[in-house]
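# got a predicted model here, sequence first, then my questions.
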Amino acid sequence: MPYGNMQSDNIDMENIQSLTKFMGGSSVVGSPRSEFEFIEIIRRGLPSEVIASVVKSSAVSEDLICKSLRIAKRTAARRKARSARLKASESELIFRFSRVLVAAQEVLGDKDKAREWLLTENTALHGERPIDLLDTGIGFEDVMDVLRRIEFGVYS
């Protein structure tokens with residue numbers, strides 16, 4: 001098996017299934033069995049239908065998602081109208097957003113608490129809202145780090 005071992009892949013499978021469901025299910029994103037398998041899906045570009053799925057799953061408006069991820073609203077609308085795939089960079093941003101929301105729901109217990117946390121300024125993030133940091137890899141890692149710290153009781 002290239003990358004990782006079977007045991008860690010089995011542990012992550014529930015999260016992969018939750019992430020896939022959050023993003024619209026196998027009919028939208030395919031059936032990845034590991035986070036690593038998302039790489040090729042992202043490189044090909046997620047189908048534009050993923051945007052509507054993520055809006056529904058997150059209960060965050062499309063306008064706010066596009067604005068925070070710096071995806072041009074008109075570009076997203078054009079891709080949806082043509083049923084075109086998102087660019088790899090846009091797909092990566094939607095994946096990050098989805099990954100954070102799925103992790104936040106798991107750590108905080110439900111969708112509403114996760115949404116509230118995502119949209120609230122956070123002192124551990126220098127007063128920024130988590131959603132406003134997901135447009136960069138560094139910001140994404142910082143947000144995930146705060147979630148891990150919450151999960152393990154290091155930060156509340």
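Here it is on my side, so go on.

# got the contact list for stretch 141-151?
By C-beta atoms under 8 Å, 6 or more residues apart in numbering, the residues outside stretch 141-151 that reach it are 99-100, 103-104, 107-108, 122, 124-125, 130, 133-134, 155-156. Where C-beta positions appear, they are placed from N, C-alpha and C, glycine not excepted.

# which SSE is immediately downstream of the biggest helix by length in the chain?
The helix that spans the most residues within the chain, counting by DSSP state H, is helix 88-108. Sequence-wise, the next helix or strand downstream of helix 88-108 (DSSP states H and E) is helix 111-118.

# mind giving me the packing neighbours of that next one?
helix 49-58, helix 88-108 (3 or more C-beta pairs under 8 Å, 6 or more residues apart in numbering; DSSP states H and E).

# who touches that helix?
Contacts of helix 111-118 (C-beta under 8 Å, 6+ apart): 57-60, 100-101, 104-105, 107-108, 129-131.

# buried stuff in the helix or strand just after it?
With elements assigned by DSSP H and E, the helix or strand that comes after helix 111-118 is helix 137-151. Buried positions in helix 137-151, judged by neighbour count with 16 or more other C-beta atoms under 10 Å: 139, 140, 142, 143, 144, 146, 147, 150.

# residues touching the residue nearest the centre of the chain, list them.
Central residue of the chain (C-alpha atoms, centre = their mean): residue 98, 1.8 Å from the mean position. Neighbouring residues of residue 98 by C-beta under 8 Å, 6+ apart: 19, 22, 23, 54, 57, 58.
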